[in-house]
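K.L.:
Take this sequence and fold it.
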Amino acid sequence: YPTSVYKEMLLNDKLFPLVTASLSDTFKAHDMPFFDFSSIETFGGRDTEFGDGIHGTDLMHLKMMFKIKESKDVKAYVNENRLRDLQKEAEKDFLSI
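P.N.:
Purely as a prediction, here's the structure:
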């Protein structure tokens, strides 16, 4: 979420952090990685990388993939060279494919 939206959710939605914690616990119980990208700060996103109020652009999702590939469980399935190529080919915040 954009930073302002995320902060507002934390202030006004008491269930939001509980849901995230519960999801994290569930994934861990099954020995699976959990990626909480609710805050764009967790993967280096910027507020300008949203196509509208809450939907990320291609490059935002690409940044998420770079963060996901850090997981030992996922790393073998992600082609980092292709991600870097896509990043170089991007036009502004959108991929040119």
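
K.L.:
From now on I want contacts and neighbour counts done on CA atoms only, so please keep to that.
P.N.:
Fine.

K.L.:
How far does the helix-or-strand element of the chain with minimal mean pLDDT sit from its chain's centre?
P.N.:
Every helix and strand in the chain was compared by mean pLDDT, DSSP states H and E; the lowest is helix 80-89, with a mean of 90. Computed by Cα atoms, centre = their mean, to the nearest Å, the chain-centroid distance of helix 80-89 equals 17 Å.

K.L.:
what do you get for stretch 82-97?
P.N.:
For stretch 82-97, the distance to the chain centre is 17 Å (Cα atoms, centre = their mean).

K.L.:
Any buried residues in it, and which?
P.N.:
86-87, 93-94 (16 or more other Cα atoms under 10 Å).

K.L.:
Pull the residues that contact that stretch.
P.N.:
When contacts are defined by Cα atoms under 8 Å, 6 or more residues apart in numbering, stretch 82-97 is touched by residues 49, 57-60, 62, 66.

K.L.:
Which of the residues you listed sits closest to Asp73?
P.N.:
Phe66 (13.5 Å; Cα to Cα).

K.L.:
What about that closest one, how many residues nearby?
P.N.:
Phe66: 17 surrounding residues under other Cα atoms under 10 Å.

K.L.:
Could you list the residues in contact with the longest helix along the chain?
P.N.:
For the chain, the helix with the greatest residue count under DSSP state H is helix 15-29. Residues from elsewhere that reach helix 15-29, judged by Cα under 8 Å, 6+ apart: 9-10, 33-34, 36.

K.L.:
Need the max-distance pair from these.
P.N.:
Met9 and Pro33 (23.8 Å).

K.L.:
How about Trp69, nearest residue that isn't a chain neighbour?
P.N.:
To be clear, residue 69 is Lys; Trp isn't right here. Nearest non-adjacent residue to Lys69, counting by Cα to Cα, 6 or more residues apart in numbering: Lys75, 4.6 Å away.
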